[in-house]
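J.: Attaching a predicted model along with its sequence, questions to come.
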Amino acid sequence: MMMKPTLGTVLLSFFLCLCSSDASRGFRPRRMSAKGGHPAIPSASFQGASVTTSATSPIDAAAATKMGPKSFQAPPWAEILKIPIPVPTQEDFDLLPPGKRLGIMARSSVLHLTLLSCLGPLILRGAIRSALKSPSSIPFTPGLALLWTLDVTSWHAFHNMLNDWQDLDGDDKAPDSFRSDYGCHALKQGFVTKAQFARYMTMLGLPGIILTIYFAVTKSVVAPASPWGLAALALYTILFKPLALGEVFIYLVWGPLMAGYGGMAAGVPNSNNLADLFTSPVSALFGLGAFCVIMGKHTDKINRSEKKTLPKLVGYPVALFLCGASLLAPHVLLLATLVYERILHPDAVPTIPLGAGLAFLTLFRELPASLKVLRLGQIKNNQPTIPAGTIIKGTLEDVEIYKSWPLWFVAFLGWHAITFSYLVVVGSGMEWMGRAILKRVIS
């Protein structure tokens, strides 16, 4: 599957280049690995969504296994930034360029959520500002917003590796753990020592450490976020997950913390009232995207983890209904906000631009496809519920989600959440650009 380049892909590549001078080495085609092969074709069919079945797709895991470890090649950056990458052997890991090694260990494919939560409020505020008769009447600080995005993205990459370390004595202790099934776990697989792993973590976290100190010294508007962020970094795995608060935690971090302070970094007035962070529609919109993703992941892990999560507590089929609700929630919130701000209170300065409505395009492809997979029910016999080789039509790109196996529900929910959020941001950016061009033409 070819991935169309996006702003997020470019920015994430740039961030990883900051951490490793080798990150920009040439792309090489990826061969099939035994661990990362495609699942066998199940008998269940997938009907009603915009899908096609590729006759030329790789057939099944057995075929991949026959190819053996020598079949692995370094994946292109487009793939590293999209799905978790399994690395079967030490030899394969050592052949990876250092930059790609770092990108795979940091699970770069999930950094899109952070990029959107931190940078999205800047684009939305720019579009809102461009619609005003006097744009200069509201503050706008893009430089600080970009620094905030780099800061938090660095800490998220650091935390992904910290989470792998912390889980070594937990879920990842089992030889067939869910985490090691879907991607490279360099520490567990013995590809690096703990000392080497710590150096990689430090390399990824260095931009965040420097910027956090800078924000504190300069008494930046985002400085108060640092203690909360560091507490979240340390306590997610050891406190919130055992208390079955992981999903709520994810919403609060990617919503009020990242997007809320991201709005302040972009110029949203700081009223010194923490309630503003929790009541902002922008915070809620991006927080719900991350919540949707974690609901899918924890539903995938119901029978693969002993950790207390909301899906595990409620079990099937309630977990699937909650996943469906998390898919619908951003659409309801976006529509309600546009109606409230544009129709019921048209004189107030809005928080979400009209261009964000571009995200409703996911109602036609990503949302129906994801809901249909939820209706097919839980995975049985360790087999996906749609045929391997099924290509699902998407708004931004067509996908073969089974390539992420055993990530299943999270693959669909993540596909919807990230596409929805990118369309919110892209639509707002298009409105901002269009208004700027129109003003120049008229003047």
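T.: All right, it came through fine.
J.: Ramachandran angles for Thr390?
T.: Torsion angles at Thr390 (phi, psi; degrees, to the nearest 10) stand at phi -70, psi 120.
J.: for it, which residues make a bridge with it?
T.: Thr53 (DSSP bridges).
J.: Find the nearest non-adjacent residue to Gly208, please.
T.: Spatial nearest neighbour of Gly208, excluding adjacent residues (CB to CB, 6 or more residues apart in numbering): Ser154 at 3.4 Å. The way it works is simple: take the backbone N, C-alpha and C, and place the C-beta from them, glycine included.
J.: Toward the C-terminus, what is the element adjacent to the worst-scoring helix or strand of the chain on mean pLDDT?
T.: Ranked by mean pLDDT, DSSP states H and E, the weakest helix or strand in the chain is helix 61-67, scoring a mean of 36. In the C-terminal direction, the helix or strand that comes right after helix 61-67 (DSSP states H and E) is helix 77-80.
J.: tell me the secondary structure for Gly190?
T.: What DSSP: H, G, I helix; E, B strand; the rest coil gives for Gly190 is coil.
J.: From the chain's centroid, how far away is the host helix or strand of Phe412?
T.: Using DSSP H and E, Phe412 sits in helix 409-442. Centroid displacement of helix 409-442 relative to its chain, using CA atoms, centre = their mean, to the nearest Å, is 16 Å.
J.: Remind me what that helix packs against, helices and strands.
T.: For helix 409-442, the packing partners by 3 or more CB pairs under 8 Å, 6 or more residues apart in numbering; DSSP states H and E come out as helix 7-19, helix 111-130, helix 281-300, helix 318-339, helix 366-375.
J.: residues in contact with the longest one?
T.: By CB atoms under 8 Å, 6 or more residues apart in numbering, the list of residues contacting helix 318-339 from outside reads 281, 284-285, 288-289, 291-292, 295-296, 298-299, 302, 310-312, 314, 351-352, 354, 356-357, 359-360, 362-363, 367, 370-371, 374, 377-378, 409, 413, 416-417, 420, 424.
J.: could you give the mean pLDDT of stretch 247-259?
T.: Taken as a whole, stretch 247-259 has a mean pLDDT of 95.
J.: Could you check that stretch and say which residues are buried?
T.: Residues Glu247, Phe249, Ile250, Tyr251, Leu252, Val253, Trp254, Gly255, Pro256, Leu257, Met258, Ala259 are the ones in stretch 247-259 that count as buried (16 or more other CB atoms under 10 Å).
J.: With adjacent residues omitted, what lies nearest to the fifth one?
T.: Counting by CB to CB, 6+ apart, the nearest residue to Leu252 once its immediate chain neighbours are dropped is Gly287, at 7.1 Å.
J.: which ones are touching that neighbour?
T.: Contacts for Gly287 (CB under 8 Å, 6+ apart) come out as Ser117, Tyr251, Leu252, Trp254, Gly255, Pro256, Ala259.
J.: what do you get for Ala356?
T.: Residues near Ala356 by CB under 8 Å, 6+ apart: Leu124, Ala127, Leu334, Leu338, Val424, Gly427, Ser428.
J.: What is the burial count for the fifth one?
T.: So that's Val424. Look at Val424: counted by other CB atoms under 10 Å, it has 29 neighbours.
J.: With Pro317 as the reference, measure out to it.
T.: 30 Å (CB to CB, to the nearest Å).
J.: Which other helices and strands does the helix or strand containing Phe249 contact?
T.: Here Phe249 sits within helix 246-252, counting by DSSP H and E. Secondary-structure packing of helix 246-252 (3+ CB pairs under 8 Å, 6+ apart): helix 281-300.
J.: and the angle for the helix it packs on with helix 318-339?
T.: Interaxial angle of helix 281-300 relative to helix 318-339 (axes from the mean of the first three to the mean of the last three CA atoms, to 10 degrees): 170 degrees.
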